[in-house]
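>>> sequence and predicted structure below; questions after.
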Amino acid sequence: MTSLPATAPPSKLGLVIDLDVCVGCHACVISCKEWNTGGHGAALSDQDPYGADVSGTFLNRIHSFEVVPDGGEVVGEAGAARIVHFPKSCLHCDDAPCVTVCPTGASYKRADDGIVLVDEDMCIGCGLCAWACPYGAREMDLAAGVMKKCTLCIDRIYNQNIPEIDRVPSCVRTCPTNARHFGDLADPSSAVSLMVAERGGIDLMPEQGTRPVNKYLPPRPRTPLAGTIPLQGGEETGDGAAGFFAWLDRMLDRI
């Protein structure tokens, strides 16, 4: 079996995802698919993409949930309806079970920055890492016959041949709402660490004991609109309208 680094990596590169502003647009999903298909490593395959039985390999997925308020009643149009979009990919855990279960050493955790990777030349496609991962973050590429996962775009973040602004994971660079952030979570003064401290960033499924590096910022409480937007008094009139609009106002008044 594979061993984890003997000592904690000096840096822990990872993502902080703000669930308060993610709109579920899937821009990160498409960007991840495109970059990892056209960039480092083998393409992420799709099977029967235009047929009835579609399957494919995605390293980042988004799940959407309807929030149920306290009391157990399902939110309807009369309630405080809310949809939370939940992006999920590899969390690059400190105690990664996908690494320790790997029989060939294909799955490993880098000692320098804590990124969990797969050496595709060593992977035999046994799927043990997928069974061990409690987050479902491993995907079997049926065309290549090997397991694949999020690499934090390691071929971007250390690439001196691209502009500095692009040296972040593709999903972070693409997010239109700035819901995804990248940085060193081992550095308490980094922007992502300060964000986690300020907003109370949380681990996904902490009871699993995997100590994920990636963190989630929980949605902020919503304030009812009735308490924030003053209602405009007075009755609507057509005063000031002329020509066609004046005629339209008169016709609508007769309805």
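Yes, it's here. Just so we're clear, the structure is a prediction, and the values are computed from it rather than from any experiment.
>>> ok, the nearest residue to residue 165 once chain neighbours are set aside - contacts?
Nearest in space to residue 165, with sequence neighbours left out and distances taken as Cβ to Cβ, 6 or more residues apart in numbering, is residue 173 at 7.8 Å. Backbone N, C-alpha and C define where each C-beta goes, glycine included. Listed by Cβ atoms under 8 Å, 6 or more residues apart in numbering, the contact partners of residue 173 are 31, 165, 166.
>>> would you mind listing which of those are buried?
Neighbour-count burial (16 or more other Cβ atoms under 10 Å) applied to those gives residue 31.
>>> so residue 88 touches residue 63, yeah?
Yes - Residue 88 lies in contact with residue 63 (Cβ atoms under 8 Å); the separation is 6.4 Å.
>>> those two: which is more packed in?
Taking other Cβ atoms under 10 Å, residue 88 and residue 63 do not tie; residue 88 has more neighbours (17 against 11).
>>> just grab the bridge partners of the more buried one for me.
residue 61 (DSSP bridges).
>>> part of a helix, is the residue nearest to residue 165?
Yes - under DSSP: H, G, I helix; E, B strand; the rest coil, residue 173 sits within a helix.
>>> can you put the contacts of residue 173 in JSON lines and add distance to residue 136?
What follows is the contacts of residue 173, written out as JSON lines (distance: Cβ to Cβ, whole Å):
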{"residue": "31", "distance to residue 136": "20"}
{"residue": "165", "distance to residue 136": "32"}
{"residue": "166", "distance to residue 136": "29"}
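>>> residue 102: which of the contacts of residue 173 is nearest?
Proximity to residue 102 was ranked across the contacts of residue 173 by Cβ to Cβ; first place goes to residue 31, at 28.0 Å.
>>> quick one: the closest one from residue 170, how far?
Distance of residue 31 to residue 170, computed by Cβ to Cβ, to the nearest Å: 5 Å.
>>> repeat for residue 23
18 Å.
>>> who has more neighbours, those two?
Of the pair residue 23 and residue 170, residue 170 is the one with more neighbours under other Cβ under 10 Å, namely 23 against 13.
>>> I figured residue 17 hits residue 177, correct?
No - applying Cβ under 8 Å, one finds residue 17 not in contact with residue 177, separated by 11.0 Å.
>>> so between the two, which is more surrounded?
Neighbour comparison, residue 17 and residue 177: the larger count goes to residue 17, with 26 against 13 (by other Cβ under 10 Å).
>>> poorly predicted segments of the stretch 151-255 of the chain, please.
223-245 (pLDDT under 70).
>>> what are the boundaries of the strands in it?
For the stretch 151-255 of the chain, the strands defined by DSSP state E, counting those that start in this stretch cover 180-184, 215-217.
>>> for residue 160, find the nearest of these.
strand 180-184 (17.1 Å).
>>> give me the contact list for that closest one.
With Cβ under 8 Å, 6+ apart, strand 180-184 has contacts from 11-18, 28, 87, 152, 157, 168-169, 171-172, 190-193, 195.
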